[in-house]
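A.B. asks: coords please:
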Amino acid sequence: MSIEMVAKRPLLQDDGGRGLYSTDDEDEEELFTQPPSKGQHALKEKVTITTHVKLLTAFASIGQFLFGYDTGVISGSMLFIRKQFGLGDVWQEAIVSATIVAAALFAFIGGPVSDWIGRRLTAVGAGLLFTLGSVVLGTASGPPVILAGRVIVGCGLGLTSMCLPMYLSECAPAKVRGRLLLISCTFGCSGMLCANIVDGFFSYKKTNGWRYMLGIASMPSVIMVVGFLLLPESPRWLVKAGKLERARYVLEKLRAPEEVENELSAIRKICDEDNVKKLEAGKFVLLRILRHASTRRALLIGCGLQMFQQLAAINTVMCDTESNSAVCGIRVGSGVFSGRYSVPSNQ
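C.D. replies: Numbering: from 1, shown residues only. The predicted structure is shown next:
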């Protein structure tokens with residue numbers, strides 16, 4: 001089964017008040033005129049999205065949701081962990097930051113790992129790390145075990161941030177690739193929102209509420225693992241691995257029948273060009289990027305945006321909101337429904 005989504009084709013020419021459009025057909029280019037309506041600059045074109053692409057988008061969205069949830073959930077749970085175990089500032093800082101440090105390190109190795117074992121198995125590995133880390137956190141007996149669980153979850157975050165956008169972009173049709181990636185990334189923010197809601201919901205349990213906050217993430221992570229085990233590998237990775245027939249079989253599930261051969265030929269051409277560039281400039285991708293002005297500028301812009309995002313202290317907001325609120329004199333209430341926070345009368 002498939003659904004049809006709408007993509008817009010650009011206006012080619014405006015001739016005397018008449019709009020000239022192209023259907024962008026593979027075999028022939030049909031040009032025709034029609035009176036332009038107010039604000040109309042494009043022709044709607046049908047794009048087929050197969051069931052496998054929809055499922056891949058859904059499971060990738062679960063991975064992004066877990067990224068946001070496991071990043072933000074520590075904000076509320078840390079208040080109860082600190083009180084129950086009598087933690088000092090050093091332990092609190094270590095538990096909060098361990099996930100971010102592990103995520104940064106595994107983001108670096110996520111690319112080589114996905115090139116080695118494939119995008120799908122890397123996503124499965126990330127889901128398993130999420131599950132293991134959530135179980136460890138939910139059953140932790142003390143601060144060292146909590147720290148270990150946070151490191152495990154961070155490893156999953158790093159792999160997810162690298163492999164899931166790559167996996168989805170290589171499998172999604174080019175004309176809707178951006179929209180599907182946007183849908184997936186939106187779930188990262190939804191995960192942060194859900195983490196704060198869950199923190200508030202379990203805040204009435206003073207002793208073990210934090211276990212539910214941290215351990216509940218194991219449920220969507222299991223769904224993620226099962227889902228990716230049932231999905232096919234990226235066709236581009238299969239072509240790079242020399243598995244052309246398998247790549248054709250996967251494309252038959254991801255594309256309309258008339259698009260399979262053209263897509264396979266395009267992927268083969270790109271992979272051949274990539275192999276030539278590796279021979280000319282070496283295997284290190286960063287060195288190849290720095291050799292060309294256009295890619296250097298793109299890298300500078302991307303890294304600059306990330307730098308300013310981090311300098312804005314967004315991680316402090318996500319990970320330490322409740323702790324900072326407590327320092328300001330706002331104390332935890334009896335639960336989300338009765339008012340999560342209350343301000344002392346002398347403040």
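
A.B. asks: Which of the three states applies to residue 47?
C.D. replies: Assigned by DSSP: H, G, I helix; E, B strand; the rest coil, the conformation of residue 47 is strand.

A.B. asks: does it have beta-bridge partners, and which?
C.D. replies: residue 5 (DSSP bridges).

A.B. asks: For residue 180, see how far away it is.
C.D. replies: 11 Å (C-beta to C-beta, to the nearest Å). (Glycine included, C-beta is placed from N, CA and C.)

A.B. asks: Looking only at neighbour counts, state which of these two leads.
C.D. replies: residue 180 (22 against 17; other C-beta atoms under 10 Å).

A.B. asks: correct me, but the more buried one touches residue 170?
C.D. replies: No: here residue 180 lies out of contact with residue 170, judged by C-beta atoms under 8 Å, at a distance of 11.6 Å.

A.B. asks: What segments of the stretch 51-200 of the chain are helices?
C.D. replies: Ranges of helices in the stretch 51-200 of the chain, per DSSP state H, counting those that start in this stretch, are 51-72, 74-85, 89-117, 119-138, 143-171, 177-201.

A.B. asks: ok, now the stretch 201-347 of the chain?
C.D. replies: 209-215, 218-230, 235-240, 244-254, 260-281, 285-290, 293-311, 314-327.

A.B. asks: Let me see the contact set for residue 145.
C.D. replies: By C-beta atoms under 8 Å, 6 or more residues apart in numbering, the residues touching residue 145 are residue 136.

A.B. asks: State the distance from it to residue 217.
C.D. replies: Distance from residue 145 to residue 217, by C-beta to C-beta: 16 Å.

A.B. asks: Could you list the low-confidence segments of this structure?
C.D. replies: Scanning the chain with the threshold set as pLDDT under 70 gives 1-45, 280-283, 315-316, 319-347.

A.B. asks: Where do the domain boundaries of it fall?
C.D. replies: 2-48, 50-239+307-326 (automatic domain parsing).

A.B. asks: Residue 287: which of those is closest?
C.D. replies: domain 50-239+307-326 (14.2 Å; C-beta to C-beta).

A.B. asks: centre of the chain versus the closest one, how much separation?
C.D. replies: Relative to the chain's own centre, domain 50-239+307-326 is displaced by 9 Å; criterion: C-alpha atoms, centre = their mean, to the nearest Å.

A.B. asks: need the contact list for the residue nearest to residue 91 when sequence neighbours are not counted.
C.D. replies: Spatial nearest neighbour of residue 91, excluding adjacent residues (C-beta to C-beta, 6 or more residues apart in numbering): residue 143 at 5.4 Å. By C-beta under 8 Å, 6+ apart, the residues touching residue 143 are 81, 85, 87, 91, 95.

A.B. asks: Quick check: residue 143 vs residue 97, distance?
C.D. replies: From residue 143 to residue 97 the distance is 14 Å (C-beta to C-beta).

A.B. asks: contacts for stretch 83-97?
C.D. replies: Looking at what lies outside stretch 83-97 - C-beta under 8 Å, 6+ apart - the contacts are 74, 78, 81-82, 142-143, 146-147, 150, 206-207, 210, 319-320, 323.

A.B. asks: That stretch: which residues count as buried?
C.D. replies: For stretch 83-97, the neighbour count (16 or more other C-beta atoms under 10 Å) marks 84-85, 87, 91-92, 94-96 as buried.

A.B. asks: Same question for stretch 287-299.
C.D. replies: Burial within stretch 287-299, assessed by neighbour count using 16+ other C-beta under 10 Å, is assigned to residue 288.

A.B. asks: Restricting to C-alpha, output that stretch in CSV.
C.D. replies: C-alpha atoms of stretch 287-299 as CSV (Å, rounded to 0.1, in the frame of the first residue of the first chain):
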residue,chain,number,x,y,z
LEU,A,287,40.1,16.1,4.6
ARG,A,288,38.0,15.8,1.4
ILE,A,289,35.5,18.3,2.7
LEU,A,290,38.3,20.8,3.5
ARG,A,291,39.7,20.6,0.0
HIS,A,292,36.7,22.3,-1.6
ALA,A,293,35.6,25.9,-0.9
SER,A,294,31.8,25.1,-1.1
THR,A,295,32.0,22.2,1.4
ARG,A,296,34.3,24.3,3.7
ARG,A,297,31.7,27.0,3.8
ALA,A,298,28.8,24.6,4.5
LEU,A,299,30.9,23.0,7.3
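
A.B. asks: Could you check how far that stretch is from the centre of its chain?
C.D. replies: Taking mean C-alpha positions (C-alpha atoms, centre = their mean), stretch 287-299 and its chain are 24 Å apart.

A.B. asks: can you check stretch 252-270 too?
C.D. replies: 25 Å.

A.B. asks: mind checking the end-to-end distance for that stretch?
C.D. replies: Its start and end residues considered, stretch 252-270 measures 19 Å (C-alpha to C-alpha, to the nearest Å).

A.B. asks: Not counting its own residues, what contacts that stretch?
C.D. replies: So stretch 252-270 is in contact with 2, 26, 48, 50, 52-53, 171, 173, 232, 235-236, 239, 244, 247-248, 251, going by C-beta under 8 Å, 6+ apart.

A.B. asks: if we go to 7 Å?
C.D. replies: For stretch 252-270, the external contacting residues (C-beta atoms under 7 Å, 6 or more residues apart in numbering) are 26, 48, 50, 52-53, 171, 173, 232, 235-236, 239, 247-248, 251.
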